[in-house]
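Asks: when you get a sec, could you give me coordinates for this:
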Amino acid sequence: MELARDEYATHTAHDELLDRALQPRAAAQPLFDYLNSLNDGELAKRQQAVDATIMAMGITFTVYSEAGNIDRVWPFDPIPRVMGRKEWESIQAGLKQRLRALNLFINDLYNEQRIIKDGVFPAEVLEGSGNFRPQCVGITPRFGVWAHICGTDLVRDKDGTVYVLEDNLRVPSGVSYMLENRQVMKRIFPEVFRTTNILPVDDYPMQLYQMLASLSPREGEQPVIVVLTPGIYNSAYFEHSYLAQQMGAYLVEGSDMVVGADDIVYMKTITGLQRVDVIYRRIDDAFLDPEVFNPDSVLGTPGLMRAWRKGNVGIANAPGAGVADDKVVYAFVPEIIRYYLNEEPILANVPSYLCMIEEQRDYVLANLDKLVVKPANESGGYGMLIGPRATPEERDKFAKLIRNDPRNYMAQPTLEISTAPTLVDGILAPRHLDLRPFVLQSDQLYATTGGLTRVAMRKGSLVVNSSQGGGSKDTWIVEDAA
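Replies: Model (predicted):
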């Protein structure tokens, strides 16, 4: 095993697996002992086996810009990210705390709006929200839960602090890759799984099924659960079909369902109509129901909102949950936790500047060369300005955007996010990464053991999204050394 010592010589970020002396951290020691036991060239052979396995398993994602070659093989690095169980349990507790508070917040916004009346959350932030749905006012879904599935993006700064980068509460994706990454690793490195106590992740489909089943309006009966997909050209279609198969649910498109005069949702089958109890929707609010939202949508089903409002079907995530999936709302989450739970936040937010506040806006405009600027409602790394790497022209363009619509922008310092050794041309080199665990909530809370580690495959890059050249790693939570 060979390290890219020239890169590590100038390396200042926290490395997940190696300390400053390039010795493995305690949780990673068994992994490095194993890697050092491999013969020369063996790691490269394992990488080839990984690529062949991913191809054979058909693990793909879609890039819209590549119209001539829509599906791409999932980019995967065979060197896992490793974390000790004790640290992970603290992170897990913080993730559950955060989702509990956010669901109380969403339910309050659509009902009494106490948090606004009490002066904790500004009314103008809600008024400028692109994801607040007036059609949902007055509704309280079952268990008071709106965001049943959350994918929270975590990063670690150079001082070792784990921060929440953002909350994904609309249609979070990536969990299928977390599960498939583990299956690939078990095939390629079976020896390590026999000798290292790596905590499992494969209970997620069962946990997801149980959470969805709890939303069924027909208690005591076997629920009919569907995964609503936009179709094969969606970038996450692999995940939609994978999760439907793993849960034993039906994979449907909007045209496969109809809402009857009784305001009940039915699925079209070859033997006639079959009642649908729960919809795990993987399409945005705007396309869910053309009767209520975008009238031109052909992806949804007319009448879904009527059926949901009357309690005849469960929908996860609930329409309107995205009101808390806003990068400006994000800045208020610590106060949201204190307000609803009377607890101190376990996980820290990245320090943030809101451009809607004049003093903070002035600071952002004067320091665009040092900050990352994000629009409130974009995802996937799009629409951002990474100030230190931007041209003067790009910074000028963003300054105009901020002045024209300050509510839509927030900024954060450029974090030197952590790295992990990644196999590059047969050598282990540091590459930046993040982590997306998944949290489920209905009447109970569940958080995955680890999550999807996304890694920037290019040297120095901070962009981990697969659509922009990123890849992924398996995430190992291991028992702490005695």
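Asks: in the stretch 251-400 of the chain, which spans are helices?
Replies: For the stretch 251-400 of the chain, helices defined by DSSP state H, counting those that start in this stretch occupy the ranges 304-309, 333-341, 358-366, 392-404.
Asks: so which of those helices is the most surrounded?
Replies: Comparing these by mean neighbour count (mean count of other Cβ atoms under 10 Å), helix 304-309 comes out on top with a mean of 22. Where C-beta positions appear, they are placed from N, C-alpha and C, glycine not excepted.
Asks: which strands or helices does that one pack on?
Replies: strand 257-259, strand 314-316 (3 or more Cβ pairs under 8 Å, 6 or more residues apart in numbering; DSSP states H and E).
Asks: let's see it at 10 Å
Replies: strand 257-259, strand 265-269, strand 278-281, strand 314-316 (3 or more Cβ pairs under 10 Å, 6 or more residues apart in numbering; DSSP states H and E).
Asks: residue 2: which of these is closest?
Replies: Residue 2 sits nearest to strand 278-281 of all these, at 44.8 Å, using Cβ to Cβ.
Asks: quick one on the thing from earlier: looking at the helices and strands packed on helix 304-309, which is closest to residue 233?
Replies: Closest to residue 233 of the helices and strands packed on helix 304-309 is strand 278-281 (Cβ to Cβ; 17.1 Å).
Asks: would you mark the buried spots in the closest one?
Replies: By neighbour count with 16 or more other Cβ atoms under 10 Å, strand 278-281 contains the buried residues 278-281.
Asks: ditto for stretch 369-386
Replies: Buried, per 16+ other Cβ under 10 Å, within stretch 369-386: 371-377, 379, 383-386.
Asks: redo these as CSV? Include pLDDT and distance to residue 473.
Replies: As requested, the buried residues of stretch 369-386 are arranged in CSV below (pLDDT from 0 to 100; distance: Cβ to Cβ, whole Å):
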residue, pLDDT, distance to residue 473
371, 94, 28
372, 92, 23
373, 94, 28
374, 91, 25
375, 90, 28
376, 82, 30
377, 71, 29
379, 62, 21
383, 79, 26
384, 85, 23
385, 91, 27
386, 88, 22
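Asks: okay if I get those as a markdown table plus distance to residue 127?
Replies: Putting the buried residues of stretch 369-386 into a markdown table (distance: Cβ to Cβ, whole Å) gives the following:
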| residue | distance to residue 127 |
| --- | --- |
| 371 | 25 |
| 372 | 26 |
| 373 | 22 |
| 374 | 20 |
| 375 | 17 |
| 376 | 13 |
| 377 | 14 |
| 379 | 22 |
| 383 | 21 |
| 384 | 24 |
| 385 | 25 |
| 386 | 29 |
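Asks: just those now: which is nearest residue 150?
Replies: Nearest to residue 150, judged by Cβ to Cβ, of the buried residues of stretch 369-386 is residue 379 at 13.4 Å.
Asks: element containing residue 217, please.
Replies: Assigned by DSSP states H and E, residue 217 belongs to no helix or strand.
Asks: phi first, then psi, for it.
Replies: Main-chain dihedrals, residue 217, degrees, to the nearest 10: phi -70, psi -20.
Asks: and it, what's its pLDDT?
Replies: At residue 217, the model reports a pLDDT of 97.
Asks: that one contacts residue 264, doesn't it?
Replies: Yes: counting by Cβ atoms under 10 Å, residue 264 is a contact partner of residue 217 at 9.2 Å.
Asks: list the residues that contact both of those two?
Replies: 275, 277, 307, 310, 312-313 (Cβ atoms under 10 Å, 6 or more residues apart in numbering).
Asks: buried among those residues? Need that as a selection in ChimeraX.
Replies: Command for ChimeraX that selects the buried part of the shared contacts of residue 217 and residue 264, burial taken from 16+ other Cβ under 10 Å:
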select :275,277,307,312,313
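Asks: for the residue nearest to the spatial centre of the chain, give me phi and psi.
Replies: Residue closest to the average C-alpha location in the chain (Cα atoms, centre = their mean): residue 151, at 3.2 Å. Main-chain dihedrals, residue 151, degrees, to the nearest 10: phi -110, psi 110.
Asks: same check on residue 441?
Replies: phi -140, psi 130.
Asks: many thanks, we can stop here.
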